[in-house]
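>>> give me the fold of what follows.
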Amino acid sequence: MTRDVSILFLLRNHNEIDQMSPVLYKLGRRGRVSVDVLLKNTSTDDYRINAVSEYDNISVYGTGGSSGDQTSIDQIMWSYLKQAGRKVPTKIFQLFYNKYRKKTGPIPSGIDLHNYSVVLFDWTMGKGNQTNRLAEREDLTTVVFPHGDSPFVNRLETYKVFNEFVGENRNFQERKTPAKIGYSNYENMLKHDYALFPNKETASRIEGYCTNNQVKVLGSPRYNLEWLDVLDDITPSSQLDETEALNIVFFLRPGEFFVSTREVEATLDLVNAFPGVTTIVKEHPRKKLLDSSVASDLDSVSIVDDIESVSLIDWGDIFLSLGTTIAFEPVMKGKPVLALEYTHANHTILADYFPNADMRSKEEVYRAIHDLLEQGTSGFYNEADRRQFVEEMITNSTGSVLDAWAEFIEREATGEQSA
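Numbering: from 1, shown residues only. So this is what the prediction gives:
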């Protein structure tokens with residue numbers, strides 16, 4: 001690796017590539033700082049990673065890569081632990097390092113955290129203990145980037161979080177703030193210099209527990225129109241068949257988000273009964289909700305998990321959502337999204353912003369699809385509602401979301417003051 005690099009991105013999975021590829025694209029386009037990207041549990045063959053690695057100032061390393069030594073995120077952290085142990089009058093650090101080395105082999109050469117002025121990682125990593133030592137370095141700015149864009153208005157989103165809330169507040173003598181439930185280890189995250197967020201809704205989860213200067217709301221890197229236009233150009237061909245039918249895409253969510261599998265299956269029966277409609281159901285990449293046999297008796301419904309969501313959004317005319325932020329993308333493109341509130345026990349952002357997208361029953365879905373078949377899908381959104389959604393959830397009323405992200409990172413890397 002080069003020795004003059006100033007920024008390091010640690011990306012461990014598909015979701016983190018979703019969030020940070022747009023920022024890497026803009027840093028590459030601007031060309032003002034050098035960037036290393038280290039991948040784990042994913043391949044450099046990802047089409048977005050391939051696109052950003054074309055820039056001269058961006059180098060990508062990791063699983064399946066060819067840019068030199070293969071170095072894992074865990075190895076970087078342990079290498080740093082070894083260096084820290086040299087400065088502390090105890091053999092504990094060295095003992096841990098030696099034990100780790102016996103398991104994994106020597107630390108590959110090439111990565112030295114002291115080469116970087118800024119390190120960025122997902123907030124799930126920021127909440128963990130492994131990044132705490134990075135936060136202690138005065139010569140290194142540690143930045144936590146968002147894990148997502150907040151699909152729900154409410155905070156008790158899963159059975160796990162709900163059980164924590166009830167377990168800690170058995171008698172409800174005092175009103176508690178659900179925002180903190182499920183985020184009890186934010187204290188670790190707040191040891192870092194900055195936490196970046198796409199919108200105020202997401203930032204509100206921790207704003208009460210940190211300093212004002214730590215939280216930066218910069219807009220959604222994933223769903224702004226500039227990046228969506230780039231995706232249109234770089235996404236591989238999906239091989240989806242062109243049809244004369246009305247195409248419906250149904251984005252699923254894991255069951256732990258209070259999702260009723262029975263209601264989802266009933267909804268599939270409903271859309272299957274419409275003539276002239278083809279439906280593709282996309283499972284969530286983290287965990288499946290349905291057995292694939294559910295669609296075996298449905299003539300116009302298929303369940304997939306191997307087609308990119310961006311390709312499905314290009315193909316689809318109408319979208320059904322259980323509360324995933326990928327449904328923000330068709331909204332940005334003006335395509336109708338029906339938020340199926342009756343299928344789960346959460347309140348989605350889209351239902352909150354768009355009354356005509358708020359589906360409280362299967363009967364409402366039936367009427368909505370009938371209207372869209374008869375009247376067409378254009379003009380579905382009230383423009384005032386859509387403008388408010390875009391300004392508050394996507395752009396943060398910023399002219400260029402990606403420039404805002406890139407400028408912030410560049411300032412931290414170079415030490416320049418904002419104008």
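
>>> list the contacts of the residue nearest to Met189 when sequence neighbours are not counted.
Nearest residue to Met189, sequence neighbours excluded (CB to CB, 6 or more residues apart in numbering): Gly126, at 4.2 Å. (Glycine included, C-beta is placed from N, CA and C.) Applying CB atoms under 8 Å, 6 or more residues apart in numbering to Gly126 gives the contacts Thr142, Val144, Asn188, Met189, His192, Ala195.

>>> measure Ile280 to Leu11 for me?
For Ile280, the distance to Leu11 equals 28 Å [CB to CB, to the nearest Å].

>>> if you count surrounding residues, which of the two has more?
The residue with more neighbours, out of Ile280 and Leu11, is Leu11; 29 against 20, by other CB atoms under 10 Å.

>>> what's across from the more buried one in the sheet?
Per DSSP bridges, residues listed as beta-bridge partners of Leu11: Leu39.

>>> hang on, it packs against Val23?
No. With contact defined as CB atoms under 8 Å, Leu11 does not reach Val23; the gap is 10.9 Å.

>>> distance between stretch 20-34 and the chain's centre?
Counting by CA atoms, centre = their mean, to the nearest Å, stretch 20-34 is centred 18 Å from the centre of its parent chain.

>>> so for it, what gets flagged as buried?
Using 16 or more other CB atoms under 10 Å as the test for burial, stretch 20-34 gives Met20, Ser21, Pro22, Val23, Leu24, Tyr25, Lys26, Leu27, Gly28, Arg30, Val33, Ser34.

>>> stretch 276-283 too?
Val277, Thr278, Thr279, Ile280, Val281, Lys282, Glu283.

>>> reformat those residues as JSON lines; add distance to Asp358.
Shown next, in JSON lines, are the buried residues of stretch 276-283 (distance: CB to CB, whole Å):
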{"residue": "Val277", "distance to Asp358": "21"}
{"residue": "Thr278", "distance to Asp358": "25"}
{"residue": "Thr279", "distance to Asp358": "21"}
{"residue": "Ile280", "distance to Asp358": "23"}
{"residue": "Val281", "distance to Asp358": "21"}
{"residue": "Lys282", "distance to Asp358": "21"}
{"residue": "Glu283", "distance to Asp358": "24"}
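
>>> in strands only, show me those residues.
In this view, these that belong to strands under DSSP state E are Val277, Thr278, Thr279, Ile280, Val281, Lys282.

>>> between those residues, which is nearest Thr177?
Here the nearest of those to Thr177, counting by CB to CB, is Lys282; it sits at 34.0 Å.

>>> please name every helix or strand in contact with the helix or strand hosting Ile409.
According to DSSP states H and E, Ile409 maps onto helix 401-414. Using 3 or more CB pairs under 8 Å, 6 or more residues apart in numbering; DSSP states H and E as the contact test, the elements touching helix 401-414 are helix 14-30, strand 118-122, strand 141-145, strand 194-197, helix 225-234.

>>> got the contact list for it?
With CB under 8 Å, 6+ apart as the test, helix 401-414 has contacts from 6-7, 22-23, 25-27, 30, 32-33, 117-118, 120, 141, 143, 193-194, 196, 216, 218-221, 224, 226-227, 394-396, 398, 416-418.

>>> what's the angle from that helix to helix 225-234?
Counting by axes from the mean of the first three to the mean of the last three CA atoms, to 10 degrees, helix 401-414 lies at 100 degrees to helix 225-234.
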